[in-house]
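Participant: with the sequence up front, the predicted model follows.
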Amino acid sequence: MNKDVSIKVCMGTGGIAAGGVEVMSTFEKALASVGIKAVVQKNCSMHKVGCRGFCARDVLVDVIVDGAKSTYQYIKPDMVERIVQEHVVGGAPIGDWLVTDDYHTFHDKQVKVVLSDCGEVDPEDIDSYLGRGGYEAVKKVLTTMTPQETIDVIKASGLRGRGGAGFPTAVKWDMAIKAPGPKKYLICNADEGDPGAFMDRSVVEGNPHAVIEGMIIGAYAIGAPYGYVYIRAEYPLAVERLHLAIKQAKERGYLGKNILGKGLDFMIKVKLGAGAFVCGEETALIASIEGKRGQPKAKPPFPVQKGLWGYPTIINNVETLANVPYIIRKGASWYAAMGTEKSKGTKVFALTGKILNSGLIEVPMGIPLKEVIYDIGGGIENGKKLKAVQTGGPSGGCIPANMMDTTLDYEALSKVGSIMGSGGMVVLDETDCMVNVAKYFLQFTQSESCGKCIPCRVGTKRLLEILTRITEGKGREGDIELLESLAADVKTSSLCGLGQSAPNPVLSTIRYYRDEYEAHIYEKRCPAGVCKDLLSYSILEEFCKGCTACTRVCPAGAIIGEKKKPHKIIQDICIKCGACFETCKFKAIKKG
Amino acid sequence: MANLTINGKRIIVPDGITILDAARRNDIYIPTLCDDPRLEPHGGCRLCLIQVKGMPRPVTACTTPVTEGMEIETTNEQIERQRRTIVELLLSDHPNDCMICDKAGDCTLQELAYFYDIRSNRFAGERRQYTKKDLNPFIERDMEKCILCGKCVRVCDEIQGLGAIDVAGRGFTAKVSPAFEKDLNCEFCGQCVSICPTGALMGKQSVGKGRQKDVKEVETVCTYCGCGCNVTLHVSRNEVVRVTSRPDTINEGWLCVKGRFGYSFINSPDRLTTPLIKKDGKFVPASWDEALDLIAEKLSAIKEKHGPDAIGGLSSARCTNEENYLFQKFIRAGIGTNNVDHCARY
């Protein structure tokens, strides 16, 4: 049993945003001022750790005394003094500040592989990773396995690409090993661009060495002496930690020439993306690294035949690569035991939207959606009703509330018209308008289209225009059919994955919520009360007490009336912001 | 050689060529807006999408190489529906002013609209609006008519080696542009004009001078230099209104700024049509016999008085190789000096 005191402060992006840096420095000062080592007669160490998933509760702080871990939530710098005095020195945890039961239910149904060390290791310290078995997998493959055996283990584990398409990783590596070429490249795709997705970001920020270790193993398997990490420049912390981790790995002989004296040469360069979503597409990503305009090319030739600078190239997603060291260490059968027949292992999701416990989760493949929403996510915010779950980001689809038995695996999701994608999961409740949701995602894909191919460039624009006019109450008869027809053509004729999947949100919302589209078009009504142009607010005279609360919050001055007498909304002036509706205590404002 | 079938017809084509190339060689029509056999395949217009048996989704004929035993379908109901949608989408973002467009009758987009019988447009919506601002005398760019096929970008990069233009911006607002959206300032070779499938790029001197159906095409050889590029003069009402070149010529249809745009001298009032001899301080028109006699007389006199090395000859790059050969022969053997040079030597 470890007799020391160790304090871990969450310093992922969420932790830092909530004040992690200040909490950390306050702890350091407080410990120094009490002369902690002399007082408790123990070694006391501070660690910054990466994301542990429950970002809504940041800053999260672990205080581990004699191996007993207490986790505090919502920690602010002014709370640190008391924790040090009562807990670290006094030995009594402060019950009120500890995480509550829902913190544990949030974690109970999760199975952590990729994230198992996130929140535990200090991402800026290679020794911390080594202490938890880091780089053991590299040692294992280099000393006891051939490249083909390495690929065979990955094949037996059933690992599939976590970037979205779910292509079997071992098949990809196998093609690369067979591809002729004087040199090969391995690229780690960290160009995570889906709105609301932060899986790869958290992994790189929380445990960059796992990604590097995965890359070394991949490089060994396919025979690539050079690697690139293509990462978004919008992830400064991830970039910084990645650079640091590469430097540390080089110093320890895990990167560079003759790795661990076993004759393997492998170097990693970091290339920053300039913020184009389409650069997550393989061929566009390669063009971007080559310094060209980031736009996709037709396949074949596939990158594995002719990739970066014309050489055979393998591109794997961050999460895929981060899985690799754990599979090598614990064995293929351990990994393959999790998940379904065709989708093995676990998947990280960024759980966001109208969910109580939003954050980063890792669940075994095949888990029913309802367990994620209700057990891990804790249900819907504010007691509202669940309407749908959107998976797969802008390329994905919406799964309606009555299909929450759907399991989370590649096959089941595609069967219901959605995709796994890279792991975005947005929860929608009864106050979300599905036409508006489709419009939101189309806005994103339309502005991120590179413009190379016509169906995507003009097609997504027209889809968006039709959706916009429907939400503005200008929808015409036949618009639904027009959307379906155009969406189908854009899907089949676009050049790359962006255009091919951009219509998915439209098609899946029409499939399950056709009645909402019809209400917008034929009844000029938005059932969820979201589309402003189809909304009006009025005051129910019988309930209005004339308290004037609404007149005071109305930013447009649209509400008139004398005190203690029923008020009235002037429709021409009303901007439909809903402020009066939110304010009225007597339910006298009618929305509809 | 690869054996394959296209629409059930068995054909044999060389290995490694694209499906589009294979179809063309066998006179099978596949529409395209962005392909040119002289450029790298682009795969952007998506009109040449065809179905290959065993492939999960349609592929572009312009980028997919043939393989042994391939079974290809170039047309079916779904493919034609997609092609029609693509053309319709393009026309929804096009001025559609064919009635006053110089390119009418010679425009691939117009041909496709005709072929697919697109009368009304299901997708009418926002159109890109650009202001023309090119101040150069050669190339008129009407970017509202641009369909972003990328041919101009590729020809400038791959053939001319310049890269004066590229695609800027994203998605619907992507456009072909010189660096930093500045005014076009390049060699003005006009290769881009020659390859543009729509009226987006036109020669300024040709605007309003007659459409393709109005011109008589006259094949000739460019007189500007010894390269001897084949040119086609487009003549309307006894005036050269445009110069082009056919892809099946020795110069593969490529020309330089002089050959393509330097034709206004033909009808220039300042153009010399006879030799001029200076008499009493004034140039007076003369016959060739008169002029050549005078030259011979003067050269002989100088050679007689000062020796052949007092004479030097300077020839022109506008002459053919044969003419230059004859000229140096004349100076060396006829006059007897090695004082002969050529304007393009440096």
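Facilitator: Everything's here; your move. What you see is a predicted model; the values in this text were computed from it and never measured.

Participant: what helices or strands is the helix or strand harbouring A:Tyr517 leaning on?
Facilitator: Per DSSP states H and E: A:Tyr517 is located in helix A:504-522. If you count contacts as 3 or more Cβ pairs under 8 Å, 6 or more residues apart in numbering or on different chains; DSSP states H and E, helix A:504-522 packs onto strand A:386-391, strand A:397-400, helix A:434-448, helix A:459-471, helix A:479-493. Glycine gets a C-beta too; all of them are placed from N, C-alpha and C.

Participant: of all the residues in it, which ones are buried?
Facilitator: Neighbour counts over helix A:504-522 (16 or more other Cβ atoms under 10 Å in any protein chain shown) mark A:504-510, A:512-513, A:516-521 as buried.

Participant: where exactly do the helices run in chain B?
Facilitator: Along chain B, counting by DSSP state H, helices occupy B:19-25, B:77-92, B:108-115, B:151-154, B:191-195, B:257-261, B:288-306, B:321-329.

Participant: who wins for proximity to A:Gly206 among these?
Facilitator: A:Gly206 lies closest to helix B:151-154 among these, at 42.3 Å (Cβ to Cβ).

Participant: residue ranges with poor pLDDT in chain A?
Facilitator: The model of chain A has pLDDT under 70 over residues A:1-3, A:36-38.

Participant: can you show me the CA trace of the helix holding A:Tyr517 as CSV?
Facilitator: This file holds the C-alpha atoms of helix A:504-522, laid out as CSV (Å, rounded to 0.1, in the frame of the first residue of the first chain):
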residue,chain,number,x,y,z
ASN,A,504,-27.7,11.9,-43.7
PRO,A,505,-29.1,14.3,-41.1
VAL,A,506,-31.8,15.3,-43.6
LEU,A,507,-32.7,11.8,-44.6
SER,A,508,-32.8,10.4,-41.1
THR,A,509,-35.0,13.3,-39.8
ILE,A,510,-37.4,12.9,-42.7
ARG,A,511,-37.4,9.2,-42.1
TYR,A,512,-38.5,9.5,-38.5
TYR,A,513,-40.0,12.9,-38.2
ARG,A,514,-41.8,13.4,-41.5
ASP,A,515,-44.8,14.7,-39.6
GLU,A,516,-42.7,17.6,-38.2
TYR,A,517,-41.7,18.6,-41.7
GLU,A,518,-45.3,18.4,-42.8
ALA,A,519,-46.4,20.6,-39.9
HIS,A,520,-43.9,23.2,-41.0
ILE,A,521,-44.9,23.1,-44.6
TYR,A,522,-48.6,22.6,-44.6
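
Participant: after the helix or strand in which A:Leu237 is found, next one along is what?
Facilitator: Here A:Leu237, judged by DSSP H and E, is contained in helix A:236-251. Per DSSP H and E, the first helix or strand lying C-terminal to helix A:236-251 is strand A:256-259.

Participant: buried residues in that next one, which are they?
Facilitator: A:Ile259.

Participant: contacts made by it with the rest, please.
Facilitator: For strand A:256-259, the surrounding residues in contact (Cβ atoms under 8 Å, 6 or more residues apart in numbering or on different chains) are A:Val138, A:Leu142, A:Ile216, A:Lys250, A:Gly253, A:Leu264, A:Asp265, A:Phe266, A:Met267.

Participant: quick check: the fifth one touching A:Leu260?
Facilitator: Yep, that's A:Gly253 we're talking about. Yes - taking Cβ atoms under 8 Å as the definition, A:Gly253 is a contact partner of A:Leu260 at 6.0 Å.

Participant: got the contact list for the closest residue to A:Thr100 other than its chain neighbours?
Facilitator: Distances taken as Cβ to Cβ, 6 or more residues apart in numbering or on different chains place A:Gln73 nearest to A:Thr100, at 7.6 Å, with adjacent residues excluded. Neighbour list for A:Gln73: A:Phe54, A:Arg57, A:Asp58, A:Leu60, A:Trp97, A:Leu98, A:Val99, A:Thr100, A:Tyr103 [criterion: Cβ under 8 Å, 6+ apart].

Participant: the third one and chain B, how far apart?
Facilitator: Distance check for A:Asp58 against chain B: by Cβ to the nearest Cβ, to the nearest Å, it reads 34 Å.

Participant: what about that residue, how many neighbours?
Facilitator: For A:Asp58, the neighbour count with other Cβ atoms under 10 Å in any protein chain shown is 26.

Participant: please apply the same query to the last one.
Facilitator: A:Tyr103 sits with 18 neighbouring residues when counted by other Cβ under 10 Å.

Participant: these two touch, right, it and A:Arg52?
Facilitator: No - using Cβ under 8 Å, A:Tyr103 makes no contact with A:Arg52, being 9.9 Å away.

Participant: enumerate the residues of the stretch 301-450 of chain A near chain B.
Facilitator: By the rule Cβ under 8 Å from any Cβ of the partner chain, the part of the stretch 301-450 of chain A lying against chain B is A:Gln446, A:Ser447, A:Glu448, A:Ser449, A:Cys450.

Participant: list just the nearest of those residues to chain B.
Facilitator: When those are compared for distance to chain B (Cβ to the nearest Cβ), A:Ser449 wins out at 3.8 Å.

Participant: that closest one: neighbour count?
Facilitator: Burial of A:Ser449 is recorded as 29 neighbouring residues (other Cβ under 10 Å).

Participant: is the residue in chain A that chain B sits nearest to in a helix, a strand, or coil?
Facilitator: Residue nearest to chain B within chain A: A:Gly451 (2.9 Å; Cβ to the nearest Cβ). Three-state assignment for A:Gly451 (DSSP: H, G, I helix; E, B strand; the rest coil): coil.

Participant: same deal with A:Val63?
Facilitator: Applying three-state DSSP: A:Val63 is strand.

Participant: so it bridges to which residues?
Facilitator: According to DSSP bridges, the residues that bridge with A:Val63 are A:Ile7, A:Ser70.

Participant: now do the contacts for the residue lying closest to A:His567 once chain neighbours are set aside.
Facilitator: Nearest in space to A:His567, with sequence neighbours left out and distances taken as Cβ to Cβ, 6+ apart, is A:Gly561 at 3.1 Å. A:Gly561 sits next to A:Cys544, A:Gly546, A:Thr548, A:Thr551, A:His567, A:Lys568 when contact means Cβ under 8 Å, 6+ apart.
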